[in-house]
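Student: give the three-dimensional model of this entry:
(2 chains)
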Amino acid sequence: MTTLSAGGVLFAAVLVPLSGAFILPLVAIVRKKGVLAVAAVFGAASAAASLLAALAGWSGPIAAVAGGWRFDLGIVLAADRLSAVFLLVGAVGGSLALASSMEKFRGGPWRFYVLFFLLIASMNGIILTGDIFNLFVFYEIFSVAAYVLAAFSMTRDALEAGLKSLVFGTVAALFLLLGIAYLFMATGQLNMAALSGQMKLVPTAALTAISACLVLALSTKMGAFPTHFWLPDAHSSAQAAVSALLSGVLVKVSVYALIRICTLLFLDVNPAVFRVILAIGTMSVLAGHLMAMQQEDIKRLLAYSTVAHIGCILIGIGCAEALGLTASLYHAINHTILKMGLFLAAGILAEEAQSRRIPEMTGLFASRPVITVAFTALAAGIVGIPPLNGFMSKWFLLAATLRGGHVLPALAIAAGTVISAGYYLRVLKAFFTRGGVSHPHRETPLSAGIVVMLAVFCLAMGFLPFVQPLWEGLSSAGAQALDVAGYVRAVTVP
Amino acid sequence: MTVNALSLGFSLVVLSLLVPILVYGEGYFAGAPGVRNRFRLLAITAFLASTGAFFSSDWRTFIVFLEVSVLACTGLASLKDGKAASLFLLIQLSGAALVLLGAAGASGLPNPPLMGPLPEPWGLWVVLGLGVKAAFPPFHFWLPEVQGRVHAPVAALLTAVSETLAIYGLLRIASPGQVPVMVATGAAMAITGSFLAFFCRDLKRLLAYSTVGQAGIFVAVAAAGIMSAGIPLLFLVAAHGQYKVLLFLGAGETEKVPGSAFLQGRAQEEASGKFPFLALTAAILSVAAVPGLPSWTGKTLAKTVLPSFAGNWFPVCLFLSAVLSVATAGRILEIFCEPRERQAGEPWVPGLAGGRIPRLCGTWFLVAEIMVLAFIPWLFPAGTDLVVPSPEAGDWAGFSAALALGGIFFFLFRRSWASSIEGPPDLHLLLPQFGLALRNLVEKFRRCHSGDLSLYMAFLAMALAGLLLAL
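Tutor: Purely as a prediction, here's the structure:
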């Protein structure tokens, strides 16, 4: 365990956004016009706290226990390079989504920001917690905030989507709780580092049940096939900024939880879990792309594409080796950049066309050339066209899967590339076709700027493997995810 | 990135093809400055990306540059037809996905090989992917579909860049394990492509099928691997690129705006759009592989590097391909020279009426290049690596036989085809044609039409003489 200051940084990453969620309603009561400024301040402070925690985690596995309790009794927060990557994704993605939503709402409803900060706090909590029950608690806060945010526009579709994600999320939470309960019954422990050492003592049948419950719960939470039904509705019905946050950032939290739980608990005692993850990933890739191909609604298309890309990430995790995990992390970062950009651009363009139906989104290149070009670059990135970031991460995913002898998942990724080119071409064809009417709408220069910035990131991130220090850093994050002993040592050794 | 003679050679070949295409494009798009600017930008991008691919030191970098060139070519294709561009991109991405599978799989090996043969099964994935890109049958359908729909200079550029890159990749990947697959596929391509080319009525589709046929020879030669096949393949690619680009530019002269299905007679209609007859002759002689011309030299060099198991039967395929190429050359000549009624006020490609000088410059530049390549054997003194053969009596005999049989094939089938079926060739449509053609032949003999009969007899006599000489 480390000094108080490092521990303080970890706690700050949870407490700063959490205080924002509690202070904002008070500000709204006292002075409604001040909500925007206070939300901006808390947004910046939350991002700074997350980045500091990421920095602390990057310098080596660190852990902190609240109140000086023993590690297996108190509230433990721990961070390593794996956590750092996801904290970084959350901080950057969250800030961009907040900026975009501020522009959309112009200060707007304080309830939105309360939910937003609850989401960020719980997200950081899931990433940093060292205790599996606390992970469940944070997950519940996270899920409730996400359900309400999905339904926030209060349209019929949004309410239905919120309800659907509530039902699926609750079922997933039930399985998560069931798995945790079995774990506690079998080991008497909830601290993940302590659990890691005791998994060998768990009987095989119980281990299978625990693995099944946890994998099912987390794959449902991240919207992997076949429990993905809630995701396209939730991600397509929300506001553009919320969709970007949900699809770009929040699904990655479940990816983190899956990596952390599976590596700590099952890597040595039940490696079959990784084969199941590989199979779920393969099916998600194929099903996601095939269903995206059927969509007429641009946001639903993007949401199904998320299912497919979650599948790609799962395939990397399923390889259960350093290169696979590194490729998964790289793809997760890339997917965040690409999907946030695509959702924000789709929001702007749908507003321009007054429709989300692809056949009705014609002629947008004439009225919004910059956004359509940025959308094209982001779509090319997500399809995996070199030298953009999507290509590079797919390269490493393929290298990892084929090295492990997993030909089917590799074929699924390759086939997915071609299928996704097909459906994105359909969208681009509509954008670049002449015709269509431009409708009066409010300009959103900040969101447009964010989309362009993300398109530039999409190109820049393609060169990450060629920048040796950065690539080595990311590779070490992948390797550290498999270094169970290092994590356990950081948490348990005083 | 690594620089070697082969990379430099391929890069120079593409550059030698790009320059006349760019010059020609200046005239072709003279009436549409916006399109012309995009054409310039994308063509140069495609060339730079192809150069990057030639100089790549590993497969991943090769794929990156290859796909950047594909993007530029897609942009070029979209200048006229979005559907053709989409088809091109989807096919190229399908090929890229296979190449990616192979290259990424091999990169996970303990000592991943650089830009060279990959162990199985990864090498086979890459061959398959590059095959899709090079239009291996049964993945050949896209090439005529795309090249038939795009602007003529773009079609020429697709041959110059996209096809050359795929062939270069095959040359690099070839390993002993893949030789039988590549040689057999090459033979199938050579025959199928040349055969289908003959039955096209659209000049650009015809040229595209002919490219499939020629690419078959390249694939079979590339199977010999980089150590043996480098120079012959370079020669073949350069020669083929020159005359094919020249013919595509010729197709540009005969093209009109709304589609390009029937292009005959443009040469006779407008003096300003007249394709230089000498250029056409040079191109057609190259298609027919007249001994002494670069295309013949390339094929002769190719025979020397064929693997031993193909030594007996592949030259027969080459001969059949030559017969069909002669027939195709006749078809090209016919398309250029056959008069066609032009509707009053029918629009041409914007700018064709103007920009004549750049178009002529581009055309003559290519003719000059063919001449230079034909004289290359004299530039290299004895004892250098490049030993270029001189035509001997047997070569002339073989050519005579091919000319005779090709002529017979041309006269036998063209009329029956032209009178009955419209549209692109398809095997199931072609089969009844043979019956029809045979009936026509019997009918001609029965009626004893003196002109036709004497023509057939003359060709039969040439064929017999050629075969006797060849034996």
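
Student: check what pLDDT the single nearest residue of the stretch 151-300 of chain B relative to chain A gets.
Tutor: Residue of the stretch 151-300 of chain B nearest chain A, by C-beta to the nearest C-beta: B:L165 (13.6 Å). For glycine as for every other residue, the C-beta is placed from the backbone atoms N, C-alpha and C. pLDDT, B:L165: 89.

Student: what is the strand or helix carrying it packed up against?
Tutor: Per DSSP states H and E: B:L165 is located in helix B:164-173. Helices and strands touching helix B:164-173, by 3 or more C-beta pairs under 8 Å, 6 or more residues apart in numbering or on different chains; DSSP states H and E, are helix B:5-28, helix B:33-54, helix B:59-77, helix B:122-133, helix B:203-222, helix B:226-253.

Student: try it again with 10 Å
Tutor: Applying 3 or more C-beta pairs under 10 Å, 6 or more residues apart in numbering or on different chains; DSSP states H and E, we find helix B:164-173 packed against helix B:5-28, helix B:33-54, helix B:59-77, helix B:82-107, helix B:122-133, helix B:179-198, helix B:203-222, helix B:226-253.

Student: got any ranges where the chain has weak pLDDT?
Tutor: All of this is about chain A. A:1-5, A:106-108, A:436-442, A:494 (pLDDT under 70).

Student: switch to chain B, that's the one I care about
Tutor: Along chain B, the model assigns pLDDT under 70 to residues B:112, B:226-227, B:254-278, B:307-311, B:336-355, B:377-389, B:414-471.

Student: residue of it nearest chain A, please.
Tutor: For chain B, C-beta to the nearest C-beta, closest residue to chain A: B:G108, 3.0 Å.

Student: show me what contacts that residue?
Tutor: A:321, A:323, A:396, A:398-405, B:122 (C-beta atoms under 10 Å, 6 or more residues apart in numbering or on different chains).

Student: quick one: it from B:P117, how far?
Tutor: 17 Å (C-beta to C-beta, to the nearest Å).

Student: quick one, what contacts the nearest residue in space to B:V179 that is not next to it in sequence?
Tutor: Nearest residue to B:V179, sequence neighbours excluded (C-beta to C-beta, 6 or more residues apart in numbering or on different chains): B:A223, at 4.6 Å. Each residue near B:A223 by C-beta under 10 Å, 6+ apart is listed here: B:127, B:170-171, B:174-176, B:178-186, B:229, B:305-307, B:310.

Student: just A:A63 next, same as before
Tutor: With contacts defined as C-beta under 10 Å, 6+ apart, A:A63 is in contact with A:1-2, A:6-7, A:10, A:57, A:71, A:76-80, A:128, A:130, A:193, A:487-493.

Student: beta partners for it?
Tutor: Note on A:A63: beta-bridge partners by DSSP bridges are A:A78.

Student: report how many residues lie close to the residue lying closest to A:T263 once chain neighbours are set aside.
Tutor: Spatial nearest neighbour of A:T263, excluding adjacent residues (C-beta to C-beta, 6+ apart): A:A481 at 5.4 Å. Residues within reach of A:A481, counting by other C-beta atoms under 10 Å in any protein chain shown, total 27.

Student: so how far is A:L214 from A:A481?
Tutor: 16 Å.

Student: hang on, the earlier thing: could you dump the contacts of B:G108 into CSV and include distance to A:Y304 and neighbour count?
Tutor: Formatted as CSV, those follow (distance: C-beta to C-beta, whole Å; neighbours: other C-beta atoms under 10 Å in any protein chain shown):
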residue, distance to A:Y304, neighbour count
A:E321, 29, 18
A:L323, 28, 21
A:F396, 24, 26
A:L398, 22, 31
A:A399, 26, 25
A:A400, 24, 30
A:T401, 22, 32
A:L402, 26, 26
A:R403, 29, 20
A:G404, 27, 20
A:G405, 29, 10
B:W122, 31, 24
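
Student: that older thread, switch the helices and strands packed on helix B:164-173 over to JSON lines; also include distance to A:V276.
Tutor: JSON lines is the format used below for the helices and strands packed on helix B:164-173 (distance: least, C-beta to C-beta, whole Å):
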{"stretch": "helix B:5-28", "distance to A:V276": "46"}
{"stretch": "helix B:33-54", "distance to A:V276": "40"}
{"stretch": "helix B:59-77", "distance to A:V276": "31"}
{"stretch": "helix B:82-107", "distance to A:V276": "23"}
{"stretch": "helix B:122-133", "distance to A:V276": "27"}
{"stretch": "helix B:179-198", "distance to A:V276": "37"}
{"stretch": "helix B:203-222", "distance to A:V276": "43"}
{"stretch": "helix B:226-253", "distance to A:V276": "44"}
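
Student: out of those, which is the most enclosed?
Tutor: Mean neighbour count (mean count of other C-beta atoms under 10 Å in any protein chain shown) peaks for helix B:203-222 among the helices and strands packed on helix B:164-173, with a mean of 29.
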